[in-house]
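Chemist: Next come a sequence and a model predicted from it.
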Amino acid sequence: MTQTIAIQHLSPESIDRIINHLPDYIKVALMEKSTELECSLEATIEMAISSFLDEESLSFEDCLLAKRLKDVGSNHH
């Protein structure tokens, strides 16, 4: 049986809650990176969190995929 993992992205409401608790210099850095990458603040924060968890990922989906591939690989040994 194949398990499907639902991908959830950060909502604008979640971003507002996160941003309100960050130091100002982090807020500025995230907004500057978002402008540099020409993407939403939500996407920028998702990329930052994902790359912290898995250096090769750019999104939560990539991060989960890397974990699934590791799990599959460990089951074959």
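Modeler: Right, received. Where do you want to start? Numbers count the residues shown, from 1 in each chain.

Chemist: Which element, helix or strand, includes residue 44?
Modeler: helix 41-53 (DSSP states H and E).

Chemist: which outside residues touch that helix?
Modeler: The contact list for helix 41-53 (Cβ atoms under 8 Å, 6 or more residues apart in numbering) reads 9-12, 14-15, 18-19, 30-31, 33-34, 37, 57-60, 62-63. Quick note: C-beta positions are derived from backbone N, CA and C, even for glycine.

Chemist: in the chain, which spans are helices?
Modeler: Here the chain has its helices, by DSSP state H, at 12-20, 24-37, 41-53, 60-75.

Chemist: Redo these as CSV? Include mean pLDDT and mean neighbour count.
Modeler: What follows is those, written out as CSV (pLDDT from 0 to 100; neighbours: other Cβ atoms under 10 Å):
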stretch, mean pLDDT, mean neighbour count
helix 12-20, 86, 12
helix 24-37, 94, 12
helix 41-53, 86, 17
helix 60-75, 68, 13
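
Chemist: From residue 53, how far off is residue 28?
Modeler: Per Cβ to Cβ, to the nearest Å, residue 28 is found 23 Å from residue 53.

Chemist: Equivalent analysis for residue 15, please.
Modeler: 18 Å.

Chemist: centroid residue for this structure?
Modeler: Nearest to the geometric centre of the chain sits residue 46, at 2.9 Å (Cα atoms, centre = their mean).

Chemist: list the contacts for the nearest residue to residue 27 once chain neighbours are set aside?
Modeler: Computed as Cβ to Cβ, 6 or more residues apart in numbering, the closest residue to residue 27 that is not its neighbour in sequence is residue 19, at 5.9 Å. The contact partners of residue 19, taken as Cβ under 8 Å, 6+ apart, are 27, 30, 41.

Chemist: Done for today, thanks.
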